[in-house]
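Undergrad: pasting the sequence and the predicted model now:
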Amino acid sequence: MDTSYPREDYLSTSAHRQDPASTILSPPPRDHLIWSIFNTIYMNFCCLGFVALAFSVKARDGKVAGDLEAAQRFSSKARCYNALATTGSVVLPLLLVALVITGVLHLSKLAQESVGFFTYQLSGMDEGDK
């Protein structure tokens, strides 16, 4: 079993060899490596930043090896995982803060109502005893 990388039979297929005159020049796919590193170090929500980093490295390897189709696939996956990691790391703390604020407001309203209830009962008992 041959485990060498890259495999020569895979690289020598006719899909990778095209006529230079018929090729359309397109920009190489982005690998989103900086975004992935940022998500891995600072906002690693559910390890999505690490997964995005792995796909970014694969995209960069594919771009260097000349396999632009694989690089485009891995680049797309890296972008999706980076978006998920960034969204999860920004939205969930904001949601948590909103829940804490609404909880505090609800508890303060309950506390004011209970203070009003007890002061009404205590003042009613003082007047009836006289």
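TA: Sure, I can see it. From a predicted model like this one, the values you see are computed outputs, not experimental measurements.
Undergrad: quick check: mean pLDDT of stretch 117-130?
TA: Averaged across stretch 117-130, the pLDDT comes to 61.
Undergrad: same deal with stretch 44-63?
TA: 92.
Undergrad: which residue is nearest the centroid of the protein?
TA: With distances taken as C-alpha atoms, centre = their mean, Ala85 lies nearest the centre of the chain, 1.2 Å away.
Undergrad: report the contact partners of it.
TA: Under the criterion of C-beta atoms under 8 Å, 6 or more residues apart in numbering, the neighbours of Ala85 are 39, 43-46, 48-49, 52. For the C-beta atoms, the positions are set from N, CA and C on the backbone; glycine is no exception.
Undergrad: the same query, at a cut-off of 6 Å, please.
TA: By C-beta atoms under 6 Å, 6 or more residues apart in numbering, the contact set of Ala85 is 39, 43, 45, 48-49.
Undergrad: now do the top helix by length along the chain: distance to the chain's middle.
TA: Criterion DSSP state H: the longest helix present in the chain is helix 68-129. Helix 68-129 has its C-alpha centroid displaced from the chain centroid by 21 Å (C-alpha atoms, centre = their mean, to the nearest Å).
Undergrad: now do stretch 44-63
TA: So, by C-alpha atoms, centre = their mean, the centroid of stretch 44-63 is 12 Å from its chain's centroid.
Undergrad: how close does His32 get to His106?
TA: Counting by C-beta to C-beta, to the nearest Å, the separation of His32 from His106 is 42 Å.
Undergrad: from the contacts of Ala85, which two are the most distant?
TA: The largest separation in the contacts of Ala85, counting by C-beta to C-beta, is between Met43 and Leu48 at 8.8 Å.
Undergrad: those two: which is more packed in?
TA: The neighbour comparison of Met43 against Leu48 (other C-beta atoms under 10 Å) goes to Leu48, with 23 against 17.
Undergrad: all set now, cheers.
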